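Asker: here you go, sequence then predicted model.
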Amino acid sequence: MSPMKTSIPTPTDQQLLAELPDFIAVGGLLKATPSEADGCRFLYFQASNEDLDHQNEVVLQQALGESAAYFLRHGNIDLSHYTILGPKSGLANFMDYEIGKPVAVKMDGAGTFVKAQLYQGDSPMAQNANRVWASLTRQTPPCRWYPSVGGAVLSKSVQTDPATGAKVAVIDRVRWNNVALDRCPVNKTIPEVSAAPVGVFAKSLNGFVLQTAAVLPDGLPYNAYREQVARALLAGTLAAQDVAAFAERQWGLSAELAGQFSRRFLTDLRNRRNLT
């Protein structure tokens, strides 16, 4: 006798919507390398995309885009959403876990990218920010952090996944007011990013910190990338003739900008100036 097949009932729209929380936490992997500009410390990361995450949520990027101005004006960067969840849980000194603020948001296709500035100084908030920065810059290997987008869900709906035909619950309006750094990822498809502007940041002509990318005489991109290449050359993991290909592959620079970076770097190398 063949075993009986057990069918799994298809959830109703109401059941799908009931599974969505009133507070979102949509994360991606942050693996940072040192990056400073004019004494300020910045983190760059892809905050979200439209893939289904571990919590079976899909957040439309339009929802984050519509709330980007609110996030830039009222939002913060903290640890583990403690500044949001702390008042409800009775956590003492929950605002001490705020470590920075957003300074730019960029929408690129189905992805949302954020530039955030970490606090500096001796305050409790700055001390926590210092610990995060030290974990990225003063140890080998650097820590991995997972940014998680937080905010209040204002509207949700059920839509059909064009790839599978299945019904999925979608968050289509949100009041975005927080990004937390955490140790546990939520969205498993967001790629690793760097504290140095790479990928979409490196290709942007007027977004975030890049103006003319690798050709800035004393700008952040050249200084930050230069140090990485110098360390790789000293370690013997990169040959001088491969610098342009490395810049193009590793940071998403165009072939033209990668070539400009390589020529500038090798000129500095020959002259033994501006290299640490």
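Answerer: Great, that's in hand. Numbers count the residues shown, from 1 in each chain.
Asker: helix, strand, or coil at Leu181?
Answerer: Of the three states, Leu181 takes strand according to DSSP: H, G, I helix; E, B strand; the rest coil.
Asker: local confidence estimate at it?
Answerer: What the model reports for Leu181 is a pLDDT of 86.
Asker: next one: Gly90
Answerer: Here the pLDDT value assigned to Gly90 is 89.
Asker: Val158: neighbour count?
Answerer: Applying the criterion other CB atoms under 10 Å, we find 16 residues in the vicinity of Val158. All C-beta atoms are positioned from the backbone trio N, CA, C, and that covers glycine.
Asker: now it: how far from Val170?
Answerer: Separation of Val158 from Val170 (CB to CB, to the nearest Å) stands at 7 Å.
Asker: what residues are up against Ala126?
Answerer: When contacts are counted by CB atoms under 8 Å, 6 or more residues apart in numbering, Ala126 is found next to 99, 119-120.
Asker: got the buried residues for stretch 73-88?
Answerer: Residues 75-86 are the ones in stretch 73-88 that count as buried (16 or more other CB atoms under 10 Å).
Asker: what's in contact with that stretch?
Answerer: Residues external to stretch 73-88 that are found in contact with it (CB under 8 Å, 6+ apart): 23, 25, 43, 91, 94-95, 97-102, 116, 118, 128, 132, 148, 150, 176-182.
Asker: hmm, 7 Å instead?
Answerer: Identification of contacts with stretch 73-88 by CB atoms under 7 Å, 6 or more residues apart in numbering yields 25, 91, 94-95, 97-102, 116, 128, 148, 150, 176-182.
Asker: before we move on, back to that, specify which member of the buried residues of stretch 73-88 is nearest to Thr140.
Answerer: Sorting the buried residues of stretch 73-88 by how near they are to Thr140, with CB to CB, puts Leu79 at the top with 22.4 Å.
Asker: list the beta-bridge partners for that closest one.
Answerer: On the basis of DSSP bridges, Leu79 is bridged to Leu181.
Asker: against Phe71, how distant is it?
Answerer: Using CB to CB, one gets 17 Å for the distance from Leu79 to Phe71.
Asker: so what's the closest residue to Glu66 other than its chain neighbours up against?
Answerer: Take Glu66 and drop its neighbours on the chain: the residue closest to it by CB to CB, 6 or more residues apart in numbering is Arg173, 7.4 Å away. Contacts for Arg173 (CB under 7 Å, 6+ apart) come out as 63, 154-155.
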